[in-house]
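**Student:** Sequence first, predicted model second:
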Amino acid sequence: MDNRDTPYPLRMSPELREALEAMAANNDNSLHTEILSALYKAVEGFEVVENKEQAIKALRLQNELIQTIYSEQRNIIEFLDTCGD
């Protein structure tokens, strides 16, 4: 039996990749490690739900969190754009 992780191609905008690469460099991580770290943090505390209503509520909360993260990323990118080189 093969115990290796299954590869998964991930598409992202160039801006998101640049931000993740900067975060990875700042944390002395590879891009791969930085993405995994962000994903593990995103699912931390996630629980399997028992019914449809709980699932919908959980998905709505996750969506709000994702929107907040995207908004913060846009703010960081806009800030970095104004800083120049």
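**Tutor:** Good, I have the coordinates. Residues are numbered from 1 along each chain as shown.

**Student:** Give the buried residues for the lowest-mean-pLDDT helix or strand in the chain.
**Tutor:** Scoring the helices and strands of the chain by mean pLDDT, DSSP states H and E places helix 52-83 at the bottom, with a mean of 87. Judged by neighbour count (16 or more other C-beta atoms under 10 Å), helix 52-83 contains these buried residues: Q73, I77. C-beta coordinates here come from the backbone N, C-alpha and C atoms, glycine included.

**Student:** Check the gap between E53 and R4 for me.
**Tutor:** Counting by C-beta to C-beta, to the nearest Å, the gap from E53 to R4 is 38 Å.

**Student:** Ok, E64 next?
**Tutor:** 34 Å.

**Student:** and what of S37?
**Tutor:** Applying C-beta to C-beta, the value for S37 to R4 is 20 Å.

**Student:** Those two: who's more crowded?
**Tutor:** In this view S37 and R4 are compared by other C-beta atoms under 10 Å, and S37 has more residues nearby, 14 against 5.

**Student:** Which residue comes closest to the more buried one once chain neighbours are left out?
**Tutor:** N29 (7.0 Å; C-beta to C-beta, 6 or more residues apart in numbering).

**Student:** For stretch 8-26, what is the distance to the chain centroid?
**Tutor:** 9 Å (C-alpha atoms, centre = their mean, to the nearest Å).

**Student:** State the mean pLDDT of it.
**Tutor:** For stretch 8-26, the mean pLDDT works out to 90.
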